[in-house]
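> heads up, no residue letters with this:
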């Protein structure tokens, strides 16, 4: 398993991700931090409903923990 370290840069913490993940410069992500400490980056889609048929989208309560947490940045 590969590891990386967080580094302080100004008022932010920076985590370097390896090139093989093929993340494009400027790509946007939602940040999800779970109660158990796991941090996940979820790609932000321009149109999250692009491939959904009318009336076919369903999100169960089971999947609700994958949505980003609301955090007030100051």
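Perfect, thanks for sending it. Remember, predicted model here, so these are calculated numbers, not experimental data. Numbers count the residues shown, from 1 in each chain.
> Could you list the low-pLDDT ranges of this protein?
For the chain, the stretches flagged by pLDDT under 70 are 56-74.
> So which residues of the protein form strands?
6-9, 12-15, 29-33, 39-43 (DSSP state E).
> Make JSON lines out of these and add distance to residue 23 and mean neighbour count.
(C-beta placed from N, C-alpha, C; glycine too.) Output for the strands of the chain, formatted as JSON lines (distance: least, Cβ to Cβ, whole Å; neighbours: other Cβ atoms under 10 Å):
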{"stretch": "strand 6-9", "distance to residue 23": "17", "mean neighbour count": "9"}
{"stretch": "strand 12-15", "distance to residue 23": "12", "mean neighbour count": "10"}
{"stretch": "strand 29-33", "distance to residue 23": "9", "mean neighbour count": "13"}
{"stretch": "strand 39-43", "distance to residue 23": "9", "mean neighbour count": "12"}
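> Output those strands as CSV; include the columns distance to residue 49.
Below are these laid out as CSV (distance: least, Cβ to Cβ, whole Å):
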stretch, distance to residue 49
strand 6-9, 34
strand 12-15, 30
strand 29-33, 16
strand 39-43, 15
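> And those strands: which comes nearest residue 51?
Evaluated over these, closeness to residue 51 peaks at strand 39-43, with 14.4 Å, by Cβ to Cβ.
> Run through who's touching the closest one.
Residues from elsewhere that reach strand 39-43 (Cβ atoms under 8 Å, 6 or more residues apart in numbering): 27-34, 66, 68.
> Out of these, name the two that are farthest from one another.
Top of the distance list for the contacts of strand 39-43 (Cβ to Cβ): 27 and 34, 21.9 Å.
> quick one on the thing from earlier: distance to residue 47 for the contacts of strand 39-43 - can I get that in TSV?
As requested, those are exported to TSV (distance: Cβ to Cβ, whole Å):
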residue	distance to residue 47
27	16
28	14
29	16
30	15
31	21
32	20
33	26
34	26
66	19
68	17
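> I appreciate the help and will end here.
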